[in-house]
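Student: Generate coordinates for the sequence data below:
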Amino acid sequence: MIAEKIYINLFLQYAFIATFVLCVTTFAAYAQQPVVHLRGVVTNDDGEPLQQATVYIAGSSFSATTDANGAFQLRISTGRHRVLCALVGYQSQEANLVVHDDRDYRLDFQLVRGDNYHLQEVEVVGKSAITEVRESPFNVVALDAKSLYNSTLDLGHMLDRASGVKIRETGGMGSNMSISLNGFTGRHIKLFMDGVPMEGFGSAFQLNNIPVNIADRIEVYKGVVPIEFGADAMGGVINIVTNQSANSYLDVSYSYGSFNTHKTNISVGHTTKAGFTFQLNAFQNYSDNDYNVRTNVLDVQTGNFSWEEYWVRRFNDAYHNETIMAKVGVVNKPWADRLLLGITLGQEKAEIQHANLMKIVFGMRERSGTTVLPSLSYEKKNLFVDNLHVRLTANYNRNYNHNIDTAARQYNWFGEYRPTRYLGESSYTLGKFYNDNASATANVNYRFNEKHSLAFNDVITGYERKNADRVAVTDVYSAIDTMRRANLKNVLGASYRYQHNKNWNTNLFGKYYYQRVIGPVDTSNVAGSTAYTERTESFSTTGYGVASTYFFHDFQFKASIEKAFRLPADNELFGDEVLETGNTSLRAENSLNYNVGVTLNSTIQDDHTLYADVNGYYRDINDYIQRLVEQRYGTAGYSNHGKVRNIGVDAELRYYYKNRLMVGGNVTYQDMRNKERYASSTGDRLSVTYNNRMRNVPYFFGNADAAYYVHDLWGMGNVLSLGYTFNFVGEFFLDWESLGNQNTKATLPQQLYHDFNMSYMMGNGRYNVAFEARNFTNSMLYDNFSLQKPGRSFSLKLRYFLIKRNG
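Tutor: Model (predicted):
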């Protein structure tokens, strides 16, 4: 009954959203606000027309591109708007426009390279979406995805280039991926796509499977998180902003690389003059993942592992997935800036080569899954009254998972095996189960005037796991496997923003957290025995924070503080039915987060731009949830660890010369230590690991990169780009640093590796070809102890891009 109530609550909120949209639609039928045209011309400072400049309405999806005469035309509704104009090689401009009636309006832009300029007696500050995000009072980094569209990068490896971020994978394509951000890892970091939580999207839709081409940018919020995300994040939030262009476009690409790796991506979008819009993204990934690894090998005759390590080829690690994301709806209507219905369909199949320790190898184990995710989103600025902005989203996701481990065999890395007396290479399973996830978000923002604004946000998420094969489960497993597993979360937030002047603004906010968990709990008090019962536990609390920023010439200063909570995630509570075990007794984490930072963004003599960003942070954490690997069987589980303190700094420096050269890099150092002074709950025995670095956490890492562009090579509009990236991760211990022999302790060694990329763009970006070499020095790479990543690899990508500007 409790699980059903969870979905009743979700259904009611979903129904509320649908009813709200219906009411707004009905209201609009009477309002019938007129839609008018905005026309103009874009020129340079010599009065010459500029072609391919983009003019768009901030906060909407409508845009236009200038023709050979520099002219543009787009539709615009009555009300107050911010109109922006941008072109590569020129500084963007912005102007405020108030549309009162149904006559056509004209607005001309003159793009220049100066720092300060005016347009029609309005002070204009050219700001891209990237710049607007960076200039918020929160500690946030924004990454531009468009410059990487010709690469074979996925979103995970793109994110690996951000300061303070380290992506950790267990292998090649399709392997498990976790994100390390300011010392926090995995589910301490919350993922969003266009502001919608990605929890429960399924393994077929994790970041290292998604091509970079579907994103416009990635926003990385470190530590303190705005209420707009409604997140119970401890380490931060990563928001993937997809391409929401109102233009008609076709983007098709295919790449082939080492280990028989194939990647295909198709993106199609079209918006009619009447405001009907359609977007489709489809992508496919396949790889044999048959790269060489160096490891100890089991002797199937004696059952002993070799002392010597051998180079062997992976043989049971093939992976493929296919995903379709489609959205249809209307944009730029008087009653809706965006109203979209969406559906995401995905499937994957993965062979499982080994456990969480590479020496424990499997030869026939595999898993598969499917995802069905319908969604709804609605956005409207100036709803009913000026400055009232509303955003509503909802989605329901059903993941079907099938795990197969039936072989009565024990394999080694040579592909040899010996029969065993029991079924299953690890533990016998034909498990079939459903993960049902649902979420709904409501965000309301009202600006009273230029100085004061209020915002409210509510996010509710629900999860339940159901066995799809009750008969098989009852025959093979114990009663624990038939018990319900459900998780309900609700995060409600409110914020007040005070804009003292254009140089200083402050954000005060509060959050209410609620969680209810249903799952099996071991109630046995007898050592060596278990007695599971189904139990329901509830938890609620409040958090708060403040963030402020101040601009002084080319500098921006930031400071923020937050009392934050993170509620245990689904996999931490219930496991993954493969290699992860759950713990329904986990407590919510809480932390006091402090952040300070300074940013310099300066243009020197028009041709040179310098960007520098330095951020420091302090975290005082209680009930830290850590993941621990069991050394004998290679499984992993979760537990609370009393007190943890983390102090760190990350820095980024970049230099740009015109549109020809870019050189930059970032570095992160963090000191995350165990502050649990006593080893027992009674507090009578000092802990030998007190003040040790937290185990299995990288603390010193970074990267440097450079790119050079040759324009008009072998034809006007053609561009050749050459890029290089250097990556490093310092050595760190797998376990507590004070335990064991320092000379023989298990460590993840220092890693240095290099990537190279080259692309050639023809026909003003219509035809593209790219070549990449990753880890071209063939270094042995490990993100996790004993789990070796691919060595040297090469890939070639072909891309075709066609766009029709809609006015």
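
Student: Which residue ranges of this protein form helices?
Tutor: For the chain, the helices defined by DSSP state H occupy 2-31, 129-134, 155-159, 470-476, 570-574.

Student: among those helices, where is the model least confident on average?
Tutor: With a mean of 40, helix 2-31 has the lowest mean pLDDT of the helices of the chain.

Student: Residue 336: neighbour count?
Tutor: Counted with other Cβ atoms under 10 Å, the neighbours of residue 336 add up to 21. (C-beta placed from N, C-alpha, C; glycine too.)

Student: Please renumber the chain so that the first residue is 39 from this point on.
Tutor: OK, 39 is where the count begins now, so the last one is residue 374.

Student: distance of the nearest residue to it once chain neighbours are set aside from residue 94?
Tutor: Spatial nearest neighbour of residue 374, chain neighbours left out: residue 418 (5.3 Å); criterion: Cβ to Cβ, 6 or more residues apart in numbering. In this view, residue 418 and residue 94 are 18 Å apart by Cβ to Cβ, to the nearest Å.

Student: Domain parsing of the protein, as residue ranges.
Tutor: 40-57+170-842, 71-165 (automatic domain parsing).

Student: Among these, show me which one is buried the most.
Tutor: For these, the largest average neighbour count (mean count of other Cβ atoms under 10 Å) is found in domain 40-57+170-842, namely a mean of 18.

Student: Correct me if wrong: residue 693 contacts residue 648.
Tutor: Yes - using Cβ atoms under 8 Å, residue 693 is in contact with residue 648, at 5.7 Å.

Student: before we move on, the earlier item: between the domains of the chain, which has the poorest mean confidence score?
Tutor: Of all the domains of the chain, the minimum mean pLDDT falls on domain 71-165 (a mean of 73).

Student: What separation do you get for the residue lying closest to residue 464 once chain neighbours are set aside and residue 466?
Tutor: Spatial nearest neighbour of residue 464, chain neighbours left out: residue 443 (5.7 Å); criterion: Cβ to Cβ, 6+ apart. Separation of residue 443 from residue 466 (Cβ to Cβ) stands at 6 Å.

Student: With residue 113 instead?
Tutor: Residue 113 is 62 Å from residue 466, by Cβ to Cβ.

Student: For residue 350, which non-adjacent residue is spatially closest?
Tutor: Closest residue to residue 350 apart from its sequence neighbours, by Cβ to Cβ, 6+ apart: residue 451 at 4.1 Å.

Student: The one you found is in contact with residue 332, isn't it?
Tutor: No - Residue 451 is not in contact with residue 332 according to Cβ under 8 Å; the separation is 9.9 Å.

Student: overlap in contacts of those two?
Tutor: 348, 350 (Cβ atoms under 8 Å, 6 or more residues apart in numbering).

Student: Residue 537 and residue 544, how far apart?
Tutor: Separation of residue 537 from residue 544 (Cβ to Cβ) stands at 8 Å.

Student: Over to residue 85?
Tutor: 43 Å.

Student: do residue 136 as well
Tutor: Counting by Cβ to Cβ, the separation of residue 136 from residue 544 is 28 Å.

Student: One more: residue 81?
Tutor: Residue 81 is 39 Å from residue 544, by Cβ to Cβ.
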